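*Asks:* Dropping a prediction and its sequence here:
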Amino acid sequence: MLGLMQDWPLLCHRILDHAAVQHGGRRIFTRSVEGPIVETNYRKVRKRALKVAQRLARDGLRHGDRVATLAWNTARHLEAWYGIMGCGAVYHTINPRLFADQIVYIVNHAEDRVMLADTTFVPLLEELAPKLPSIERYVLLTDGAQLPKTSLKGAIAYEDWIGEVDGDFVWHALDENAAAGMCYTSGTTGNPKGVIYSHRSNVLHALTSSSSDMLGLSPREVVMPVVPMFHANGWSLPFTAPLAGASLVFPGSKMDGASIHELLDRFRVTCTAGVPTVWSMLLNHLEQTGGKLPYLKQMVVGGSACPRAMTQTFQDRYGVEVIHAWGMTEMSPLGSMCIPKPEVAALKGEAKLDLQTKQGRPPFLVEMKITDDAGRELPWDGKTFGRLKVRGPAVARAYFKGEGGEILDPDGFFDTGDVATIDEYGYMRITDRAKDVIKSGGEWISSIDLENLAIGHPAVAEAAVIGVAHPKWDERPLLIIVLKSGQRASKSDILGFMEGKIAKWWIPDDVVFVDKIPHTATGKIQKTTLRECFRDYRLPTAAE
Ligand code: AMP
């Protein structure tokens, strides 16, 4: 017997319809790429998204065709996503920080037909265009008056492009399992792989992500997505904010501390989300200027481990609750957030921080387990590390064009490539990427734990730990440090600071001071490059 409820496919544009009807006037601010702050709302975004859909359909885009976006977080980018999905096409976000060759690879691999791009990227695209044969036309996200002179094929200003249609369009009827968007993994080894979100997975993911023990969004919140829409599905904020009717503030291309602080303050942002690098720029700015954060209630930090010292400073000095989040492109992307259950709600001070350094617990629709290399499940005791595996309706089951082959285990779990512990209450803590963990004498040392500890030293701006070959122990940790400008610290200062806070055998064998640590296009420490640089490094303990 079947249920007798309505067949109402979970389509992304229904989120925008809801926002336009229920929260039509909710304000959306953007620091435009052209400079000035501009304002719109959900009603207007929907109207313009309909024009995008109509224009793409008129230009011959068919269901499943890919439309690339190379763009900052702006209201135009938001309406473009919805317009692309609303005619059955697929948004494909491109991270401008990728190497040129990787951009060429992913555009060709995705066979993108149209490129919507901010004017910032015109010089880059002019250089790459001869290698992007599938792109039929470049639409630049600006108006006719500000359209730069360019050789790009069919270049047109977005405002003129949508100005040629009237918006009298009905969203296409689609299967909820149809592709809605795609995003390539950052691929530290091998070529990036395409993850394809469906309408259904995006809607289900937005429903759970906006709920109270996740982002906790509502029409009373003002949300600033600092995490770019080209990172891991924009952490779903382009879906969760309109679903909840929250007001939005888009930072455009300016992510420095002063620009972010100005928007947080001026628009009374209550909730923001981004990677630790951005928040450390904000902290530096606040420390230099004596700025405050009177309106901000919560800051979601993920993408890399949030250093304990950062959580403590934002909470104690600025009164902002830091929420540690974990996820990945393959998970749409949110997999867990660290919000207390009653069992741990009374924790205070250092014990609360201990909990907050964990990446948290998964919402409904994400199941987790940790296993050993043979796939055997490991205990949830908060100590045993294992490979972290996940499953759920918004978790990838394959990559585009079958790259990477079969990616699920026999029970349908996807191996995240992360190593983690899970405690008795279900709180997960990432101890490493499987390939970054340091294997010393058959035991594992967590590079992330060492980095988090080192960054707590007041003179340290950034820390990275890699395993370096050791004749006796196989690998031993090497700590690489960037000091804060104007600060000094020696190797023994740093190691002395770490002593007593971790097992003795975890203490790094050496410390090197550098001016800069390399980062990937998504802001993570590029350990492959560091390992390459220090491949022949001889640890002082190697001779012992
Ligand atoms: P991406 O697909 O680019 O978002 O990268 C996903 C990977 O980023 C995860 O598999 C983790 O290795 C890492 N990651 C994301 N969030 C965190 C976090 N809060 N702490 C530590 N690592 C994280």
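*Replies:* Okay, I see it.
*Asks:* Nearest residue to Gln356 in space, please, no chain neighbours.
*Replies:* Thr311 (5.2 Å; CB to CB, 6 or more residues apart in numbering). Any C-beta I mention is one placed from the backbone N, CA and C, and that applies to glycine too.
*Asks:* Wait, Arg429 touches Thr357, no?
*Replies:* Yes: counting by CB atoms under 8 Å, Arg429 touches Thr357, with 7.1 Å between them.
*Asks:* Which one of these two is surrounded by more residues?
*Replies:* Comparing Arg429 with Thr357 by other CB atoms under 10 Å, the one with more neighbours is Arg429, at 27 against 18.
*Asks:* I believe the more buried one is in a strand; please confirm or correct that.
*Replies:* Yes: looking at Arg429 with DSSP: H, G, I helix; E, B strand; the rest coil, it is inside a strand.
*Asks:* Figure out the helix or strand that the residue nearest to it when sequence neighbours are not counted lives in.
*Replies:* Distances taken as CB to CB, 6+ apart place Lys358 nearest to Arg429, at 4.2 Å, with adjacent residues excluded. Per DSSP states H and E: Lys358 is located in neither a helix nor a strand.
*Asks:* Tyr105 too?
*Replies:* Going by DSSP H and E, Tyr105 is part of helix 100-110.
*Asks:* partners of the helix or strand just after that helix, with directions?
*Replies:* As assigned by DSSP H and E, the chain's next helix or strand after helix 100-110 is strand 114-117. Strand 114-117 has its sheet partners listed here by DSSP bridges as strand 66-70 (parallel), strand 137-140 (parallel).
*Asks:* for the helix or strand containing Lys439, packing partners?
*Replies:* Assessed by DSSP H and E, Lys439 sits inside strand 438-440. Applying 3 or more CB pairs under 8 Å, 6 or more residues apart in numbering; DSSP states H and E, we find strand 438-440 packed against strand 443-445, strand 460-470, strand 474-483.
*Asks:* Mind listing what's buried along it?
*Replies:* The neighbour-count check on strand 438-440 (16 or more other CB atoms under 10 Å) flags 438, 440 as buried.
*Asks:* that older thread, what about the residue nearest to Arg429, how many neighbours?
*Replies:* Counted with other CB under 10 Å, residues neighbouring Lys358 total 23.
*Asks:* what's the spacing between it and Ile135?
*Replies:* 43 Å (CB to CB, to the nearest Å).
*Asks:* looking at the helices and strands packed on strand 438-440, which is closest to the ligand?
*Replies:* strand 460-470 (13.3 Å; CB to the nearest ligand atom).
*Asks:* so what's Thr188 scoring on pLDDT?
*Replies:* What the model reports for Thr188 is a pLDDT of 57.
*Asks:* Residues of the protein that sit close to the ligand?
*Replies:* Within reach of the ligand by CB under 6 Å from any ligand atom, the chain has these residues: 185-186, 232, 302-305, 324-326, 328-329, 333, 359, 416-418, 430, 433, 522.
*Asks:* Looking at the residues you listed, which are in strands?
*Replies:* The strands, defined by DSSP state E, take in 324-326, 416-418, 430, 433 from these.
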